[in-house]
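Visitor: Starting from these lines, generate the structure:
(one chain, ligands or ions: 1)
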Amino acid sequence: MDIFCKIVNGELPSNTCYEDEYVKCIMDANPNAPGHTLIIPKKHYTTLFDIDDEMLSKINGTAKMLIEKMEKCIPNIIGFKVAVNYGEDQKVKHYHMHIIPTYSKKSNLTQEEICEILKK
Ligand SMILES: [Zn+2]
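Guide: Numbering: from 1, shown residues only. Okay, the predicted model is just below:
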């Protein structure tokens, strides 16, 4: 079983910043920037070729919600990269979307601090 299935079913701990019936959002353990978040569907889909449009739409809605919240609540964010990796670039074979903020100047916020902001 992949690590995201284990996180979703509670076998592994994670820094969860949002969850609902369909998705679990966690802070990336090795972030490219503070606020680097992963949106993980609770149901297992291996790659972007396996996931259905209905679930993609829910994930996209979650992405917009997280981006709006970070843009509003975290200083110096000027943009975001939204990425879905595939093939050799996809390290965990359970579909997930990366949300990575870009800052106008370096942020000293930790993943834990941003997680707390997103939970409010
Ligand atoms: Zn999985």
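Visitor: show me the residues around M1 that make contact.
Guide: In this structure, M1 makes contact with E11, judged by Cβ atoms under 8 Å, 6 or more residues apart in numbering. In this view, the C-beta of every residue, glycine as well, is placed from N, C-alpha and C.
Visitor: if we go to 7 Å?
Guide: With contacts taken as Cβ atoms under 7 Å, 6 or more residues apart in numbering, M1 has no neighbouring residues.
Visitor: K119 too?
Guide: Shown in contact with K119 (Cβ under 7 Å, 6+ apart): C17.
Visitor: residue ranges for the helices of this protein, please.
Guide: Using DSSP state H, the helices assigned to the chain run over residues 3-8, 53-73, 111-119.
Visitor: so for stretch 17-37, what's the average pLDDT?
Guide: For stretch 17-37, mean pLDDT is 98.
Visitor: close to the ion, is it?
Guide: No. Counting by Cβ under 5 Å from the ion, the ion is not contacted by stretch 17-37; separation bottoms out at 11.3 Å.
Visitor: Show the end-to-end separation of that stretch, please.
Guide: Counting by Cα to Cα, to the nearest Å, you get 8 Å between the two ends of stretch 17-37.
Visitor: What separation do you get for the residue of the chain most remote from its centre and the ion?
Guide: Centroid-distance maximum for the chain: K105 at 22.0 Å, with Cα atoms, centre = their mean. The gap separating K105 from the ion is 37 Å, by Cβ to the ion, to the nearest Å.
Visitor: E21 now?
Guide: Taken as Cβ to the ion, the span from E21 to the ion is 17 Å.
Visitor: how near is that residue to V8?
Guide: Counting by Cβ to Cβ, to the nearest Å, the separation of E21 from V8 is 12 Å.
Visitor: Look at the two and report which has more neighbours.
Guide: The neighbour count for E21 versus V8, taken as other Cβ atoms under 10 Å, is higher for V8 (22 against 6).
Visitor: so that one makes contact with P41?
Guide: No. Between V8 and P41 there is no contact, the gap being 8.4 Å when judged by Cβ atoms under 7 Å.
Visitor: so what's the spatially most central residue of the chain up against?
Guide: In the chain, the residue lying closest to the centroid (Cα atoms, centre = their mean) is L38, at 1.7 Å. Contacts here follow Cβ under 7 Å, 6+ apart; on that basis L38 touches 25-26, 28, 96-98.
Visitor: Fine by me, we can end here.
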